[in-house]
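K.L.:
Output the structure for:
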Amino acid sequence: MEVKIVSEKENPLLKRKEIQFCVEHRQTGSTPPRLEIRKAVASSLKTDVNLVFIKKFETKTGTHSAIGAANVYDSIEQAKLVEPGYIVNRNIPPEKPEEEEKG
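P.N.:
Coordinates of the predicted model:
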């Protein structure tokens, strides 16, 4: 999976960078999960994965490339103030359910 940053815009008012990116995913074939894309974008920008929030991500029909938009915040507190709750929830890894004790 290869991530290419198409555009990067600084937004000092909201203390974030607004990123447009393109992902080539020929090896996987199908569209990669949002959490994998989040890690790939964070590594290409050399920033903490917890500060990256993928807003939109879409593969065009019949291709192996997807385009998307992400916001990279200065702090996690700022992200939770600005981003809508559903975007924050989509970018959090699901917690594994604890096994119930049988007794």
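
K.L.:
mind listing what's buried in the longest helix seen in the chain?
P.N.:
If you go by DSSP state H, the chain has its longest helix at helix 34-45. Neighbour-count burial for helix 34-45 flags I37, R38, K39, A40, V41, A42, L45 (criterion: 16 or more other CB atoms under 10 Å). (Each C-beta comes from the backbone N, C-alpha and C, glycine too.)

K.L.:
Go through the helix or strand following that helix and flag the buried ones.
P.N.:
Next helix or strand after helix 34-45 toward the C-terminus (DSSP states H and E): strand 52-59. Of all the residues in strand 52-59, those buried under the rule 16+ other CB under 10 Å are V52, F53, I54, F57, T59.

K.L.:
So, low pLDDT: which residues of this protein?
P.N.:
Residues of the chain that meet the criterion pLDDT under 70 lie in 96-103.

K.L.:
Just the helices from it, written as ranges.
P.N.:
In the chain, the helices defined using DSSP H lie at 34-45, 76-82, 85-90.

K.L.:
Which stretch among these approaches L13 most closely?
P.N.:
Distance to L13, taken as CB to CB, is lowest for helix 76-82 among those, at 9.8 Å.

K.L.:
Packing partners of that closest one?
P.N.:
Counting contacts by 3 or more CB pairs under 8 Å, 6 or more residues apart in numbering; DSSP states H and E, helix 76-82 is packed against strand 16-24, strand 65-73.

K.L.:
now it, how far from the centre of its chain.
P.N.:
Put simply, helix 76-82 sits 15 Å off its chain's centre (CA atoms, centre = their mean, to the nearest Å).
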